[in-house]
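# Build me a model from this:
(chains A and B)
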Amino acid sequence: MSAQAQGDRTTLIGRLTSSVWSRRTLRQKEELIAYLLVSPWVIGFLAFILGPMLTSLGLSFTETDLFTLEFVGFENYTKLLSFDTTRTLFWTTLYNTAYYVFLSIPLTISAGFFIAMLLNQNISAQPTYRVVYYLPAVIPGIATSLLWLWLFQPEFGLINWALSLVGIEGPRWLFDRSTAKMALVLMSVWGAGSNMLIFLAGLQGIPTELYEAATIDGAGIWRRFRSITIPMISPTLFFVVVTQIIWSSQVFTNVYVMTEGKGGPANATLMMVLYLYQVAFRQYRMGYASAYAWIFFLILLVFTLVLFRSSKAWVYYETEIGGQRS
Amino acid sequence: MSGAAVGMGSSRASIERSRRTLTFFIHAILIAGGIIVMIPLAWMLSTSLKPPHQITKFPPIWIPDPFVWSNYVRAVTIFPVSFVVFVRNSMYMSLMITLGTVLSNAVVAFAFARLTFRGSRVLFIIVLSTMMLPQQVTMIPLFILFSKFGWINTYNPLIVPHFFANAYFVFLLRQFYTTIPRELDDAARIDGCGVIGLFLRIMLPLSKPALGITAIFAFTWAWNEFLGPLIYLSRMETFPLAIALSFLRAAHGVLWSELMVVSFIAMLPPVILFFVAQKHYIQGIVITGVKG
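Purely as a prediction, here's the structure:
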């Protein structure tokens, strides 16, 4: 009897130890598999992101055209950031890009938000509206650009015809220095549908009880909008602002197509990435272009960090205060 | 008593009435906006079918008279290379990119969602931060690297990087995987499934919708790619549709009918895909909060 119990215990202990052992090796084995599974991303990150980024930083201190390479120190940077505007186009491209970004973002965001608000009012045929408004966002940039080039055509274009109906003589849009950038901004509003979908998703995530409770407490439409909708949508808004700044500052396809790669008239639409393309792949000044790319990257980085810092002041996260819902 | 009831009834009716006027106004605004959004596309179609002398008519003619279907034939035969080549190139590039994107991201996202390994948190933060990175900062060294490989005028520089996962899709798929209940993992483990078995038999079949979203977005983005092909492809036989269109614009300037025809053809695949799979599109945007 006791011998039998002894025997059971040894086998039990044996089983326990062996299962602990196998569990540990299993965990190690799993960790190995996990590293194996993430390895494509790690390799891709080293080979196509980190490696090239550091190389680009190195190249920015040289002048190279793929065949020769000469170390020039900070010359690329001092030339680029020189305040003598006859020597550098940097400030022109920075101004053009900033003009485009800071006009198109408020317009596309408010248009997208406005439509999303309307669609969120329990409207019938909502899916149809969604499709209609989102459609421009799936059309290739090249097709959009050619279409709008045609719409902005000064003599026979549809836009100037529409303006003539209300008695306005339309400007020469892309052929006039003072209106060319504005034409690009107006065109960007056509793609506001992608913002609309993101906002709509955000609005539909706001619990209706909040509105009901506020209504019972006697809050009117405006009050409910300000005290519920705005704080609840602020994380979405933050996300949209950050990604839009990053995306729209890289504007390229439409300027390239609409100005035949030149950024004209008189550099009025010479955007940062277009100029980068010209320097790197038309003039083959790879060192200078690398310095330019790094400055571009740093500007975006600073903007993103400032936005993230400021988000504490204006973005409302539920977990901060409530905590019950998450 | 009865007076109060009547009063309440009429106020309810007036609320109902004001609600109905509000709905009416919302529809009116949405329809007007929708028409403004659609007009450019209608104009594209109209231009693509017009005889030459009607294109430069002012005020514009909306309905071509007659419909010149031969514009379509002329537009696709205007290139020195057969138009089929461009379509094939675009298809090849987009399908290969889609394949690479789905395969690599399904695997990497699974590891981040379900497996515990040292450094996973740090690694995932790095993954997310690369989303903020403008591709321009890596463009030049990659061009030099790929030209050393002899990859200029091939599709390799455009396709190969997509086989190494991408922050956006890792995030999308990880978000989706985490919604699959853990109990399924445990059940599979008890039944003797290893990690790979868990991935192949449980996660993959259950995440078909998310993989579909990934495929749709990857295809659309690849089809619409412009800067990459512009840099790497200079021989006309290698052009995808987007670059062929850009060439048409550069070489023939203002052949508006032809430009609109080819623009229309180029936008068909992503637009059809969008119509067929709009539910997936919207779901993908809801999961990530990122535009498609």
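
# I'd like to know how many residues surround the nearest residue to A:Glu169 once chain neighbours are set aside.
Spatially, and ignoring its direct neighbours in sequence, A:Glu169 is nearest to A:Leu163 (7.3 Å; C-beta to C-beta, 6 or more residues apart in numbering or on different chains). Backbone N, C-alpha and C define where each C-beta goes, glycine included. Neighbourhood size, A:Leu163 [other C-beta atoms under 10 Å in any protein chain shown]: 14.

# A:Leu210 now?
15.

# wait, it sits on A:Met232?
Yes - the pair A:Leu210 and A:Met232 qualifies as a contact (C-beta atoms under 8 Å) at a distance of 7.4 Å.

# mind checking the SS state of the residue nearest to A:Glu169?
helix (DSSP: H, G, I helix; E, B strand; the rest coil).

# That one contacts A:Gly170, correct?
Yes - the pair A:Leu163 / A:Gly170 is scored as a contact, 4.2 Å apart, by C-beta under 8 Å.

# And chain A, what are its domain boundaries?
Domain segmentation of chain A under automatic domain parsing yields A:2-59, A:76-321.

# Next, report how far the last one is displaced from the centre of its chain.
Relative to its chain's centre, domain A:76-321 lies at 9 Å (C-alpha atoms, centre = their mean, to the nearest Å).

# Count residues in the vicinity of the closest residue to chain A within chain B, would you?
Taking C-beta to the nearest C-beta, chain A has its nearest neighbour within chain B at B:Phe164, 2.5 Å off. Residues lying near B:Phe164 (other C-beta under 10 Å) number 22.

# what's it in contact with, if anything?
B:Phe164 sits next to A:40-41, A:43-45, A:47-48, B:104 when contact means C-beta atoms under 8 Å, 6 or more residues apart in numbering or on different chains.

# Mark which of the residues you listed are buried, thanks.
A:40-41, A:44-45, A:48, B:104 (16 or more other C-beta atoms under 10 Å in any protein chain shown).

# Which residue is the nearest non-sequential neighbour of the one residue sitting closest to the centre of chain B?
Nearest to the geometric centre of chain B sits B:Thr220, at 3.2 Å (C-alpha atoms, centre = their mean). Excluding the flanking residues, the one nearest B:Thr220 by C-beta to C-beta, 6+ apart is B:Pro270, at 4.6 Å.

# ok, now A:Ile123?
B:Ile26 (5.9 Å).

# quick one, what contacts that neighbour?
A:118, A:121, A:123.

# now, which of the contacts of B:Phe164 sits nearest A:Leu301?
For those, the residue nearest A:Leu301 by C-beta to C-beta is A:Phe45; the value is 17.4 Å.

# Was I right to think the closest one contacts B:Phe124?
No - with contact defined as C-beta under 8 Å, A:Phe45 does not reach B:Phe124; the gap is 12.0 Å.

# what about A:Gln121, which SS state?
Classified using three-state DSSP, A:Gln121 is coil.

# just checking, it touches B:Thr23?
Yes - assessed by C-beta under 8 Å, A:Gln121 is found in contact with B:Thr23 at 7.4 Å.

# got the domain boundaries for chain B?
For chain B, automatic domain parsing gives the domain ranges B:2-68, B:76-288.

# can you tell me which of those domains the model trusts least?
Among those, domain B:2-68 carries the lowest mean pLDDT, a mean of 85.

# for that domain, the distance to its chain's centre please.
27 Å.

# for stretch B:87-105, same thing?
With C-alpha atoms, centre = their mean, you get 13 Å for stretch B:87-105.

# So is it next to chain A?
Yes - Stretch B:87-105 is in contact with chain A by C-beta under 8 Å from any C-beta of the partner chain, via B:Ser104.

# residue ranges of the strands in the chain, please?
The chain I'm using is chain A. For chain A, applying DSSP state E gives strands covering A:62-64, A:69-71.

# and A:Gly263, which of these is closest to it?
strand A:62-64 (22.8 Å).

# Could you list the low-pLDDT ranges of the stretch 1-150 of chain A?
Under the criterion pLDDT under 70, the flagged ranges of the stretch 1-150 of chain A are A:1-24.

# Looking at it, what residue ends up closest to chain B?
Counting by C-beta to the nearest C-beta, the stretch 1-150 of chain A gets nearest chain B through A:Gly44, at 2.5 Å.

# if we can go back for a sec, okay, the domains of chain A, which one's buried deepest?
Across these, averaging neighbours per residue (mean count of other C-beta atoms under 10 Å in any protein chain shown) puts domain A:76-321 on top, at a mean of 18.

# what do A:Gln121 and B:Thr23 both touch?
Common neighbours of A:Gln121 and B:Thr23, counting by C-beta under 8 Å, 6+ apart, are absent.

# and B:His53, how many neighbours does it have?
8.

# That one belongs to a helix?
Yes - using three-state DSSP, the assignment for B:His53 is a helix.

# can you tell me how far it sits from A:Phe156?
Applying C-beta to C-beta, to the nearest Å, the value for B:His53 to A:Phe156 is 12 Å.

# and if you look at A:Phe175?
13 Å.

# Quick check: nearest residue in space to A:Ser155, chain neighbours excluded?
For residue A:155 the amino acid is Glu, not Ser. A:Glu155 sits nearest to B:Phe58 (C-beta to C-beta, 6+ apart), 6.7 Å away.

# Equivalent analysis for B:Ile287, please.
That would be B:Gln175: by C-beta to C-beta, 6+ apart, it lies 5.2 Å from B:Ile287.
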